[in-house]
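**Student:** the following block contains a protein sequence and its predicted model.
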Amino acid sequence: MDFVALKLLLDCPPERSSWMCGSDIRSTLTEFALGDPAGDRIVLDSVPFETIYDTTPPRMKPKLFALVAKYITNVVKTASLLSPDDTLCLVLCGHGSANESLCVGNPETWVPFDRESLEVAVQGCKGQIHLFTTACYSGGWMSPHWTLYAAARKDQEALSMVKSESGYYQGGFFTYALLVEHANQHSLKAPKPGCVEDDGNFTEQAAHDFGSPYTGQQVATPWLAKRTMSEATQWLHKLRDHIGRTYTSADFTFSPEETDKTWKPPFATLYKLQSIQHSFCHGPNPQTDSESDESDISSPMSTSASRSSDPASDSSDSTSSDSSVDLSGPKEDAVLSKADEDELLVLSKDHLSYAPPDTLSENFLADNCSTLLGRRTGKQPTNQEKFRILQALRERVRLRMLHLSIAQRLGWQEAITRVGQPFTEQRRLGSDFLLQQRAHSCGCLLFELHVINGYTSWVGGAGWLARVWEAAGEPTISPAEWKAALKKSCRAVGVLIEDCQVKF
C-alpha cells in the first residue's frame, strides 16, 4: 500500500522512473486504499506500474541478490545522468532489521541491503537526492548524500494502520501523514479517521475537501512551503495524537533537521489523485485491533528522477513469526498448496544436501525428507505430516538466521568468517555438546536456544554458535549483553524460541 501511495505522490514519468518488486503486490488485491478502516480512505490508482522480479524458489537467495544488484545498477545509471538542477527520488518499502539494513525477501529467506551500498551508488550524483523509506529502524539511513524521510528512528519500529478485514484498507501511518501534510501544502483538508467513543460509537468524520471534484471543493493551488522541519514534525505529531488508537508511540525522523529547511518534497499536484472513499462501516473489533500483518517482507524498491522545473524502490521490528504452520495441524484431508508443495521439496533437498550427523534429534526429519524425495522406501507422509515437516524445515532456516544474528551482535564477525556461516557445510558437523557447556558457563547461554523436536531437542544451531564462540577467543559474556543480543536478534529475524517447538 505504501509503495503504491509513494508512486502516486512522486508521479514521475514512466520513461524516467523504475519501480521494482520482489513479489506480486496485486495477487490478492484488486483495489488500493490508504487509510484506517474506521475513517475515510484515499483511493489509489490501481493501474500496474511496477516490474515484478522472480524471487521464488529454487535458488531464492541468488535471485534476491540479483534484485538488489539490479536496483543499485539503476541508481548508478540514473544518478550519473543528472544535472545540479535535477532531483533523484529513491524509495525503499519493506522491513528493516535492528542493524539498520533493509530485509529483501521473506521471513525464511532474505538478503540485507544496507545504507553503505546505496551511498556508494550515488557518489558523484550532481542533483539533489531524496530518500523515502517506510522500514523499521530507517532513521539509521541518515547520510550527507540525501535528504531522508524515514518512518522511524534508528532504534524504533515503524507502525502500520489497523488493517481492515477485507485487506483493502491499510497502509503505514508515516505514508498517510506524508500525504496529509502534502495536502496542507495545497491549502486542502485531508480525510482523517474518526474517533471511537467509550461506548463504541464513532463521531462524525472530520470535514475535508480533498479528493474527486464536487460542488464547493477548494481548487488545488500549490503554495510555497512555509513550515520548517521542526514545525512539520510538530504538526505530524499532532495528527498522530488526533488519530490516537495504536499510533501513540509513532515518531518521525527528518534529515537534515536544520530549522531553516522547509518542507518541500518533490510531490505531485493533488488534482491527479483518485477519490475519497467514505467509511460507512464500524471500526475493527477491539479483539483484532492490531498492526497490519507484515509477515511478507519482500521489499519493493524504486528509483525515479524528476526535473526541478516539474516537481510533480523486511520484512514489525515486530516482524511476525506467524508464517509457521499452526502446530495443531490441518485436518487429515487438507491439501497443501502447490507453492507449499514446491517449497517442501526444495527445503527437503537442501536439508539432505548438508545432512547433519544421524542423531535422535535429526533422524526423524531426515528420514521424512528422504521419503518425500523418493530416496527411501516407505509410506508417504500424510498431508498433516507434510505441514509439520514443512514447518520444521522453515524453522531450521529461521533459527540459523537467529544464531547468525546473535553472533554478529556479539561482535564475532571475524570468527564467523573463519568458521563459516551456519547455512551450508557447518550443518554437517555435530552439536559439540561439551563445547556448548563450556560456552554456557561463560555466559553464552546456548541451552536457551535448544528447541524441542519430538521427544528430544534440536541443538545443531547452538553447536555452530559454540564453535564461533571458541573461534572468538572464548569470551565471557555478561547476562545483560547476552539478553540484549538474544532479544534484538529474535526481533530482527522474527523468531520466538518458544514458538519454534515442533512435536511430530
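**Tutor:** Alright, I've got the coordinates. Residues are numbered from 1 along each chain as shown.

**Student:** hey, let's count contacts and neighbours off CA atoms from now on
**Tutor:** Fine.

**Student:** now do the contacts for Ala177.
**Tutor:** Residues near Ala177 by Cα atoms under 8 Å, 6 or more residues apart in numbering: Leu236, Leu239.

**Student:** which SS class is it?
**Tutor:** helix (DSSP: H, G, I helix; E, B strand; the rest coil).

**Student:** same check, this time on Leu90
**Tutor:** Looking at Leu90 with three-state DSSP, the answer is strand.

**Student:** how many other residues sit next to Phe65?
**Tutor:** 18 (other Cα atoms under 10 Å).

**Student:** quick check, it in contact with Thr109.
**Tutor:** No. Counting by Cα atoms under 8 Å, Phe65 does not reach Thr109; the two are 11.2 Å apart.

**Student:** pretty sure Asp432 contacts Gly463?
**Tutor:** Yes. Asp432 is within contact range of Gly463, at 5.4 Å (criterion: Cα under 8 Å).

**Student:** comparing the two, which residue is more hemmed in?
**Tutor:** Gly463 (26 against 16).

**Student:** separation between the more buried one and Arg428?
**Tutor:** 11 Å (Cα to Cα, to the nearest Å).

**Student:** Leu465 now?
**Tutor:** 14 Å.

**Student:** the more surrounded of the two?
**Tutor:** Leu465 (28 against 18).

**Student:** give me the element that one is part of.
**Tutor:** helix 460-471 (DSSP states H and E).

**Student:** average pLDDT for that helix, rounded please.
**Tutor:** The average pLDDT for helix 460-471 rounds to 88.

**Student:** quick thing: my sequence starts at 526, can you match it?
**Tutor:** Let's use 526 as the start, then, which means that last one is helix 985-996.

**Student:** that helix: what's the following helix or strand?
**Tutor:** Heading C-terminal from helix 985-996, the first helix or strand you meet, by DSSP H and E, is helix 1004-1018.

**Student:** just to revisit the earlier point, just checking, what packs against the helix holding Leu990?
**Tutor:** helix 908-934, helix 938-944, helix 958-966 (3 or more Cα pairs under 8 Å, 6 or more residues apart in numbering; DSSP states H and E).

**Student:** ok, Val593 touching Phe638?
**Tutor:** Yes. Contact criterion Cα under 8 Å: Val593 and Phe638 qualify, at 7.1 Å.

**Student:** can you list residues touching both of those two?
**Tutor:** With Cα under 8 Å, 6+ apart as the test, Val593 and Phe638 both reach Val629.

**Student:** which of those two has more residues huddled nearby?
**Tutor:** Applying other Cα under 10 Å to Val593 and Phe638 shows that Val593 carries more neighbours, namely 21 against 18.

**Student:** need the three-state assignment for that one.
**Tutor:** Quick answer, by three-state DSSP: Val593 is helix.

**Student:** domain assignment for this protein?
**Tutor:** For the chain, automatic domain parsing gives the domain ranges 527-720+733-832, 863-1025.

**Student:** mean pLDDT lowest for which of these?
**Tutor:** Across these, the lowest-scoring stretch is domain 527-720+733-832, with a mean of 71.

**Student:** ranges for the helices of the chain?
**Tutor:** Counting by DSSP state H, the chain has helices at residues 527-535, 585-604, 640-647, 698-710, 754-768, 863-878, 885-897, 908-934, 938-944, 958-966, 985-996, 1004-1018.

**Student:** how much space between Lys911 and Glu866?
**Tutor:** Lys911 is 9 Å from Glu866, by Cα to Cα.

**Student:** other residues contacting the helix holding Leu990?
**Tutor:** Contacts for helix 985-996 (Cα under 8 Å, 6+ apart): 924-925, 928-929, 932, 937, 940-941, 943-944, 947, 951-952, 955-958, 960-961, 964, 969, 971-972, 974-975, 1000.

**Student:** repeat that with 7 Å
**Tutor:** Under the criterion Cα atoms under 7 Å, 6 or more residues apart in numbering, residues 925, 928, 932, 940-941, 944, 947, 951, 955-958, 960-961, 964, 971, 974 lie in contact with helix 985-996.

**Student:** what inclination does it have with respect to helix 885-897?
**Tutor:** In terms of direction (axes from the mean of the first three to the mean of the last three Cα atoms, to 10 degrees), helix 985-996 departs from helix 885-897 by 120 degrees.

**Student:** pull the CA atoms of helix 985-996 into CSV?
**Tutor:** The C-alpha atoms that make up helix 985-996 are tabulated as CSV, following Å, rounded to 0.1, in the frame of the first residue of the first chain:
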residue,chain,number,x,y,z
GLY,A,985,22.6,-28.2,15.9
GLY,A,986,22.4,-24.4,15.6
ALA,A,987,23.7,-23.9,19.1
GLY,A,988,26.6,-26.2,18.2
TRP,A,989,27.6,-23.8,15.4
LEU,A,990,27.4,-20.8,17.7
ALA,A,991,29.6,-22.6,20.2
ARG,A,992,32.3,-23.1,17.5
VAL,A,993,32.1,-19.4,16.7
TRP,A,994,32.4,-18.5,20.4
GLU,A,995,35.5,-20.7,20.6
ALA,A,996,37.0,-19.0,17.5
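
**Student:** got the buried residues for that helix?
**Tutor:** Neighbour counts over helix 985-996 (16 or more other Cα atoms under 10 Å) mark Gly985, Gly986, Ala987, Gly988, Trp989, Leu990, Ala991, Arg992, Val993, Trp994, Glu995, Ala996 as buried.

**Student:** so which of those residues comes closest to Glu920?
**Tutor:** Gly986 (11.2 Å; Cα to Cα).

**Student:** how near is the closest residue to Lys651 other than its chain neighbours to Glu625?
**Tutor:** Leaving aside its sequence neighbours, Lys651 sits nearest to Pro609 (Cα to Cα, 6 or more residues apart in numbering; 4.9 Å). According to Cα to Cα, Pro609 and Glu625 sit 29 Å apart.

**Student:** those two: which is more packed in?
**Tutor:** A direct count of neighbours by other Cα under 10 Å for Pro609 and Glu625 places Glu625 higher, at 22 against 11.

**Student:** okay but that one is in contact with Tyr662, surely?
**Tutor:** Yes. If you go by Cα atoms under 7 Å, Glu625 and Tyr662 touch, sitting 5.8 Å apart.

**Student:** give me the common contacts of the two.
**Tutor:** Lys679.

**Student:** now the helix holding Leu990 against helix 908-934, angle please.
**Tutor:** Going by the same axes, to 10 degrees, helix 985-996 makes 10 degrees with helix 908-934.

**Student:** could you check the angle helix 985-996 makes with helix 958-966?
**Tutor:** 70 degrees.

**Student:** just give me the neighbour total for the closest residue to Val636 other than its chain neighbours.
**Tutor:** Using Cα to Cα, 6+ apart and skipping the chain neighbours, the partner closest in space to Val636 is Val629 (5.3 Å). A count of nearby residues for Val629, using other Cα under 10 Å, gives 31.

**Student:** ok, now Phe948?
**Tutor:** Residues near Phe948, counting by other Cα under 10 Å: 17.

**Student:** now do the same contact list for it.
**Tutor:** Arg925.

**Student:** swap in Leu877?
**Tutor:** Per Cα under 7 Å, 6+ apart, neighbours of Leu877: Ala891.
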